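In: Below are the sequence and a predicted model; questions follow.
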Amino acid sequence: MERFEFDLLRAGKLGVSSAYGSAAAEAAEYCLYRNQHHNPASLVLTLKTSLITDLLWREVGSELDSTWADLKEAVEYGAYAVAIVVSVKITKFRRVARCAQSGTGIDIWLTDSTDDRGIFQRSARLEVSGIFNGGQSVIKARLKQKLDQTKNSDQTTLPAYVAIVEFGSPEIRMQKRGGVGQ
């Protein structure tokens, strides 16, 4: 069984800083706590089929209520954390870079490069969306919406991945749209 954890994200080993990775991981942990999950959480990973995996996390509590009082923000950053740690394990891409969000329709660049040579090293696109607690119909509708949204950056000809992270189950549903020619 595949296990996912936030350690490399917290350590700054996946392309974003350790400070950003730690904050995103903490947001995910807070959303899991608010949904009354315990470590490890059984994570439903849906690609073409669904499988149950483990998500290892640091249990937190109400001490984070004042930090993550804006639950919408916690869900957003927490979804980034889960999507990053899952994406780098299930794809060939081992590093990420945040994307300037001015109309690109994506949140993160995925790369298989370990250097910082810039845009030409970007290998795929990742759009992430978080749901605090919602059912399958909410996840399915959000997935469709976000797949359409990635079309804004189709001129890159890079494949696009969409990751919908739902903290109630918890679940991550991912789907890929082609590359050249989409």
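Out: Received the coordinates, thanks.
In: so the residue nearest the centre of the chain is in which element?
Out: Residue closest to the average C-alpha location in the chain (C-alpha atoms, centre = their mean): residue 83, at 1.8 Å. Assigned by DSSP states H and E, residue 83 belongs to helix 71-90.
In: what sits up against the helix or strand that that helix is followed by?
Out: Next in sequence after helix 71-90, counting helices and strands by DSSP H and E, comes strand 95-98. With contact meaning C-beta atoms under 8 Å, 6 or more residues apart in numbering, strand 95-98 is reached by 14-16, 20, 84, 87-88, 107-114, 122, 126. Heads up, the C-betas are built off the backbone N, CA and C, glycines and all.
In: Could you tell me the average pLDDT over strand 95-98, please?
Out: Mean per-residue pLDDT for strand 95-98: 92.
In: can you pull the buried residues of it?
Out: 95, 96, 97 (16 or more other C-beta atoms under 10 Å).
In: Partner strands of the helix or strand following it and their direction?
Out: For strand 95-98, the following helix or strand on the C-terminal side (DSSP H and E) is strand 108-111. Here strand 108-111 is paired, per DSSP bridges, with strand 95-98 (antiparallel), strand 124-131 (antiparallel).
In: Show the buried residues in the contacts of strand 95-98.
Out: Counted by 16+ other C-beta under 10 Å, the contacts of strand 95-98 give 14-16, 20, 84, 87-88, 107-111, 122, 126 as buried.
In: measure the closest residue in space to the residue nearest to the centre of the chain that isn't next to it in sequence to residue 129 for me?
Out: Spatial nearest neighbour of residue 83, chain neighbours left out: residue 163 (3.8 Å); criterion: C-beta to C-beta, 6 or more residues apart in numbering. The gap separating residue 163 from residue 129 is 7 Å, by C-beta to C-beta, to the nearest Å.
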